[in-house]
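Undergrad: with the input below, show me the fold.
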Amino acid sequence: MGNKAFYPGQTWLDTEGKRIQAHGGSVIYVDGIYYWYGENKEKTDGKNGIWHWGVKCYKSTDLYNWEDCGIIIPPEPDDINSSLHPTKCVDRPHIIYNKQTKKYVCWLKVMNTYDIQSQTILTADHILGPYTKVREGLRPLGMNGGDFDLVVAPDGKAYYYFERVHSETICADLTEDYTDVTGYYTTHFPRVHPPYVREATAHFYRKGKHYLLTSGTTGYLPNPSEIAVADTWHGPYTVLGNPHVDDKSQTSFHSQISSVFKVEGKKDLYIACADRWLPNNMDKEYSIYREMFECIYGDEKKEFDFSRMGEEVVQNTSIANYVWLPLKFREDGMVLIEWRDSWSLDEFE
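TA: Have a look, this model is predicted:
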């Protein structure tokens, strides 16, 4: 029968009955087909040292039922120096299409160490590959490039939003072939340190406005999201607040944003895609991070020892789930993400 609705937070299986592995993922629409791609975590149990097993992709025509298209960017387990070695922290692939070069361009964040983060760029003639590396170890603008998003404007110009580790958000213009930055950039949301620094940036455009949906920096453990709006690609951006207004847990419904996309054929439906990285920890509710949230967001502001971050992290992300929810746009300009146990496209015009 297949799926006929979305069930946020529940295990999502592909058409073969296997758990979908497209984490930190995005959705791209090509010739009437949706492609959902992301980090393949099928071998990542938190104990074997494997961070990723390449980039996997799925396709669908209804957004509910996804067919496994295989690994489109494979790991390189035989080359310890490769940025695609399974032990390297390869995160958040983003693929955009260049109409001039007729190439699909994929950027990967590679975290070599906590302090050194770079980008690997690959190109292909088809969304499903094969992909060829064209740059490795790129430090954009001489900076450490963290979580990011890539966006193409209607005129073909492309933009790269990324976390400058760990201090601020950067919007940088891409070169005409989308494989590098031009050197022009603007800075946004300067913060002193994690968890205040914004990451997991997801850009979307609606009715003349640019929006950035971000999370704070607390590793795989969730925190309050933040949404900001601007009139231009480079801002300035005005922070509107936390879109998860009814989330008393201050965890963005136990998830971290990965991307936002507009549904084809719908008048005004945007879906926020997020990962629930550690679904088995929800009941325990991360005592250290609870304490941190209380220090930061509680009625009495207190100092928190950020060196303690990560003490209780269990990173078996092979069982991570997904939280897909529709965006709601209020007349006052605020954007909301409200919890739903299930929902369908039929609810929207």
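Undergrad: show me where pLDDT drops low in the stretch 51-200 of the chain?
TA: Within the stretch 51-200 of the chain, the stretches with pLDDT under 70 are 113-115.
Undergrad: does P279 touch S318 like I think?
TA: No: if you go by C-beta atoms under 8 Å, P279 and S318 don't touch, sitting 11.1 Å apart. (Each C-beta comes from the backbone N, C-alpha and C, glycine too.)
Undergrad: distance check, A200 against D68.
TA: Distance, A200 to D68, using C-beta to C-beta, to the nearest Å: 25 Å.
Undergrad: quick one: contacts for the residue nearest to the spatial centre of the chain?
TA: Using C-alpha atoms, centre = their mean, the residue of the chain that lies closest to the mean C-alpha position is S258, 2.3 Å off. By C-beta atoms under 8 Å, 6 or more residues apart in numbering, the contact list for S258 reads 23-26, 38, 92, 200, 202, 273-275.
Undergrad: ok, and the most crowded of those residues?
TA: Among those, the one with the most neighbours (other C-beta atoms under 10 Å) is A274, at 30 neighbours.
Undergrad: confidence score at that residue?
TA: Note on A274: pLDDT of 98.
Undergrad: count of residues packed around G137?
TA: The burial count assigned to G137 is 11, neighbours taken as other C-beta under 10 Å.
Undergrad: what about it, which helix or strand?
TA: Applying DSSP states H and E as the criterion places G137 in strand 132-138.
Undergrad: what helices or strands is that strand leaning on?
TA: strand 117-124 (3 or more C-beta pairs under 8 Å, 6 or more residues apart in numbering; DSSP states H and E).
Undergrad: just checking, what packs against the strand it packs on?
TA: Applying 3+ C-beta pairs under 8 Å, 6+ apart, one finds that strand 117-124 makes contact with strand 103-111, strand 132-138, strand 145-152.
Undergrad: CA atoms only: put that strand into CSV for me.
TA: Taking C-alpha atoms only, strand 117-124 is exported to CSV below (Å, rounded to 0.1, in the frame of the first residue of the first chain):
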residue,chain,number,x,y,z
GLN,A,117,36.7,22.1,9.1
SER,A,118,36.9,22.2,5.3
GLN,A,119,34.9,21.5,2.2
THR,A,120,35.1,18.9,-0.5
ILE,A,121,33.5,19.8,-3.8
LEU,A,122,32.4,17.3,-6.5
THR,A,123,30.6,17.5,-9.8
ALA,A,124,28.4,15.2,-11.9
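Undergrad: can you list the residues that contact that strand?
TA: The contact list for strand 117-124 (C-beta under 8 Å, 6+ apart) reads 72-73, 83-84, 90, 101, 103-112, 130-140, 144-146, 148, 165, 179-180.
Undergrad: for stretch 329-346, same thing?
TA: So stretch 329-346 is contacted by 4-8, 62-63, 206, 211, 213, 225, 227, 229, 240-241, 243-247, 252-253, 263, 266, 268-269, 272, 325-328 (C-beta under 8 Å, 6+ apart).
Undergrad: which members of those residues occur in strands, if any?
TA: In strands, judged by DSSP state E, the following of those are found: 206, 211, 213, 227, 229, 240-241, 272, 325-328.
Undergrad: quick one: low-confidence ranges for the stretch 201-349 of the chain?
TA: 283-290, 293-294, 296-301, 304-314.
Undergrad: what is the end-to-end distance of stretch 303-318?
TA: 34 Å (C-alpha to C-alpha, to the nearest Å).
Undergrad: also stretch 189-204?
TA: Using C-alpha to C-alpha, the two ends of stretch 189-204 sit 17 Å apart.
Undergrad: what do you get for stretch 256-276?
TA: Start-to-end, stretch 256-276 (C-alpha to C-alpha) is 7 Å.
Undergrad: please apply the same query to stretch 81-89.
TA: 13 Å.
Undergrad: and that stretch, how far out from the chain middle?
TA: Relative to its parent chain, stretch 81-89 has a centroid offset of 20 Å by C-alpha atoms, centre = their mean, to the nearest Å.
Undergrad: check stretch 317-326 too.
TA: 11 Å.
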